[in-house]
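A.B. asks: Mind folding the following:
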Amino acid sequence: MAKVIGFDPKLNKQFTCTDCGAIVEYAPNEAKPQYSDGRKLTDEGTHIYGLNCPNCGEFHRTNN
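C.D. replies: Now for the predicted structure:
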């Protein structure tokens, strides 16, 4: 039977919080749809994905 023996840290991504300066590392599957302004899509029809900074709570988009 197959089993997980670890995770490859090279797949992780990073962003720097522009409010508090924290460098945040996250796995690609951690970025969830977040709709800070109530919309589900951008004007172009793209879902808005992002994370809140674990230090200060500020929302950051992870897809541009």
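A.B. asks: Could you use CA atoms for every contact and neighbour count after this?
C.D. replies: OK.
A.B. asks: Residues contacting the lowest-mean-pLDDT helix or strand in the chain, please?
C.D. replies: Least confident element among the helices and strands of the chain, by mean pLDDT, DSSP states H and E: strand 32-33 (a mean of 78). Strand 32-33 is contacted by residues 40, 47-51 when judged by Cα atoms under 8 Å, 6 or more residues apart in numbering.
A.B. asks: Among those residues, which lie within strands?
C.D. replies: When strands are assigned by DSSP state E, the members of the contacts of strand 32-33 inside them are 49-51.
A.B. asks: related to what we said a few turns ago, in JSON lines: the contacts of strand 32-33, plus distance to Pro33.
C.D. replies: What follows is the contacts of strand 32-33, written out as JSON lines (distance: Cα to Cα, whole Å):
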{"residue": "Lys40", "distance to Pro33": "8"}
{"residue": "His47", "distance to Pro33": "7"}
{"residue": "Ile48", "distance to Pro33": "6"}
{"residue": "Tyr49", "distance to Pro33": "4"}
{"residue": "Gly50", "distance to Pro33": "6"}
{"residue": "Leu51", "distance to Pro33": "9"}
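A.B. asks: Buried ones from the residues you listed, can you make that a PyMOL selection?
C.D. replies: In PyMOL, this line selects whichever of these come out buried by 16 or more other Cα atoms under 10 Å:
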select buried, resi 47+48+49+50+51
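A.B. asks: in stretch 55-64, what's buried?
C.D. replies: The neighbour-count check on stretch 55-64 (16+ other Cα under 10 Å) flags 59-62 as buried.
A.B. asks: Then stretch 17-25?
C.D. replies: Applying a neighbour-count criterion of 16+ other Cα under 10 Å, the buried positions in stretch 17-25 are Cys17.
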